[in-house]
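Trainee: sequence below, structure please.
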Amino acid sequence: MEIWINPACSKCRSAVKLLDAEGADYTVRRYLEDVPSEDEIRGVLDRLGLEPWDITRTQEPAAKELGVKDWPRDVSARERWIKALAEHPKLIQRPIITADDGTALVARTDEAVRDALSR
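Mentor: Model prediction:
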């Protein structure tokens with residue numbers, strides 16, 4: 001199991017604390033320092049069953065600067081979104097846990113973290 005975190009994020013710190021309390025075996029990826037490639041983002045999106053716009057933090061300054069709220073949310077624009085996430089990792093929703101069963105989830109609640117642990 002791997003968790004993508006921003007250490008400054010309270011939801012990320014809570015998720016890591018819960019994983020530790022449950023004795024989980026996991027790897028931390030500080031995705032702002034170890035930025036995921038476009039291929040890695042595609043892979044996580046496949047595991048999440050989501051589209052890039054579903055995991056984009058549209059209120060971030062970079063999102064506003066890029067104008068992502070006005071971008072199409074369809075197949076024709078998918079690669080544009082993925083490229084933006086790779087070039088501006090702060091736009092990636094967090095934390096994301098890739099579970100041992102090949103799935104992934106955005107773990108913003110304790111329930112979601114527990115769900116990842118049960119997979």
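Trainee: CA only for contacts and neighbour counts going forward, please
Mentor: Noted.
Trainee: which pLDDT value goes with the most centrally placed residue in the chain?
Mentor: The centre of the chain sits closest to I96, judged by Cα atoms, centre = their mean, with a distance of 4.0 Å. Here the pLDDT value assigned to I96 is 98.
Trainee: which residues does the nearest residue to it once chain neighbours are set aside contact?
Mentor: Nearest residue to I96, sequence neighbours excluded (Cα to Cα, 6 or more residues apart in numbering): V106, at 4.5 Å. Residues counted as contacts of V106 (Cα atoms under 8 Å, 6 or more residues apart in numbering) are 48, 93-97, 112.
Trainee: what's the farthest-apart pair in those residues?
Mentor: Q93 and A112 (13.9 Å; Cα to Cα).
Trainee: count the neighbours of the closest residue to W71 other than its chain neighbours for me.
Mentor: Setting aside the residues directly before and after it, W71 is nearest to A77 in space (Cα to Cα, 6+ apart), at 7.4 Å. A77 is flanked by 13 other residues according to other Cα atoms under 10 Å.
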